[in-house]
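Asker: take this sequence and fold it.
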Amino acid sequence: MRVAVLFNQDDGLAGGTAEDAVAVQAVVACARAVADGLSASGATVALVPVRPERKRLLRLLADLDADLVFNLVESVGGDPGLEAAFAGALELAGLEYTGSEPRTLALSLDKPLSRVIFAAAGVRVPRGAVLARGDEPIELEYPVIVKPAREDASHGIESASVVDDEAAARARAKLVIERYRQPALLEEFVAGREFNVALLGDGAQATCLSLGEIDFSAFPPDVPRIVTYASKWLEGSDDWNRTPSGAAKELTPPERAEVERTALAAWAALGGRDYGRVDLRFDARGRAFAIDLNPNPDLSPDAGFALAAGRSGMSHAQLVTRIAERALARRAARARAG
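Answerer: Purely as a prediction, here's the structure:
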């Protein structure tokens, strides 16, 4: 099969700080790893960067000569809001591609809206509030966590994001609104264990890979136990060193079922396709709350999704090839139907 691996080649976010560029630029290394894995499985692979010049995108797509696009484009010109638009452009160009459709990509990025959809589907979410200006009413119990309403990759998440009173919540919300040029989402902080559930497949028919869990045991007692932006992207930082992820341990059968049920329900609620990750936390009563859903998550060999696949018996090459084959199967099914 001939596969074009498309990835965004951006300098940084349209809003944010210089540090936020690290996550944006990491997709280049991920794309190379995915290309290597596909090549190892016998595919003919081309690496195709998608640069910020938006007017050239349709010409680029029209000129592609491939059976499949492996879509790793997370933003265009540093704007994550255009991730869904790019998937739409792939559809307009008649190209089969891996990962979720525009609707799912847009809904997952809009955290306030995805929370509403989760709740309607019976998926627990923490109580929350959205502050677009910073002076809206807050009727939550503290502590709360303050985050950008429309970012992925943990942009804007720091230890200081967890606050204990209204004054601190409003100050943090103001910082988020100004820095990221979007509303701030406030959620009651769920302080228990945090799990990462990697999923393969579509909607309710997806399967869970080996469950991952964040090890917070190295945290000082006065530091909130959360995964920050630095935990994910700033190698060697304190947050990076004290948030290792590994296989979830000491889960009772009912707890494991609760985690998997919640993850699958969240995935189905947003119409996830091919592969994705759902992050959940337990409260003191052992109830799972959906914290985030990430369609098209990082597929780097050392990232959580690939590690979960490895614990489930799949090499990185087998993982990316399986994702590609799912997309090719859709193409073949459409050809038979039409």
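
Asker: show me where this structure has strands.
Answerer: Using DSSP state E, the strands of the chain run over 2-8, 44-50, 68-72, 128-131, 144-148, 162-163, 184-188, 194-200, 207-208, 212-214, 245-247, 275-282, 288-295.

Asker: which stretch among those comes nearest R336?
Answerer: Distance to R336, taken as C-beta to C-beta, is lowest for strand 68-72 among the strands of the chain, at 16.9 Å. For every residue, glycine as well, the C-beta is placed using N, CA and C.

Asker: only C-alpha atoms, please: export the closest one in CSV.
Answerer: These are the backbone C-alpha positions of strand 68-72, laid out as CSV (Å, rounded to 0.1, in the frame of the first residue of the first chain):
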residue,chain,number,x,y,z
LEU,A,68,-4.2,6.3,2.2
VAL,A,69,-3.4,9.4,4.2
PHE,A,70,-2.1,8.7,7.7
ASN,A,71,-3.4,11.9,9.2
LEU,A,72,-1.1,13.4,12.0
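
Asker: which parts of stretch 164-174 are buried?
Answerer: Judged by neighbour count using 16 or more other C-beta atoms under 10 Å, the buried positions of stretch 164-174 are 168-170, 172-174.

Asker: name the residues that touch it?
Answerer: For stretch 164-174, contacts defined as C-beta atoms under 8 Å, 6 or more residues apart in numbering pick out 131, 134-135, 138, 142-144, 146, 160-161, 163, 184, 186.

Asker: any idea which helix is longest in this protein?
Answerer: For the chain, the helix that runs over the most residues, judged by DSSP state H, is helix 316-337.

Asker: specify the angle between that one and strand 68-72 in degrees.
Answerer: In terms of direction (axes from the mean of the first three to the mean of the last three C-alpha atoms, to 10 degrees), helix 316-337 departs from strand 68-72 by 130 degrees.

Asker: rewinding a little: just the closest of the buried residues of stretch 164-174 to L109, please.
Answerer: A173 (18.9 Å).

Asker: what sits closest to that closest one if chain neighbours are left out?
Answerer: Excluding its sequence neighbours, the residue lying closest to A173 (C-beta to C-beta, 6 or more residues apart in numbering) is A184, at 3.8 Å.

Asker: what pLDDT does the most centrally placed residue in the chain get?
Answerer: Per C-alpha atoms, centre = their mean, the C-alpha nearest to the average position across the chain is that of N294, at 2.6 Å. pLDDT recorded at N294 is 95.

Asker: touching, A26 and D298? I think so.
Answerer: Yes: applying C-beta atoms under 8 Å, one finds A26 in contact with D298, separated by 7.3 Å.

Asker: these two - which one has more neighbours?
Answerer: D298 (21 against 17; other C-beta atoms under 10 Å).

Asker: verify the stated contact: the more buried one with C30.
Answerer: Yes: between D298 and C30 there is a contact at 5.9 Å, judged by C-beta under 8 Å.
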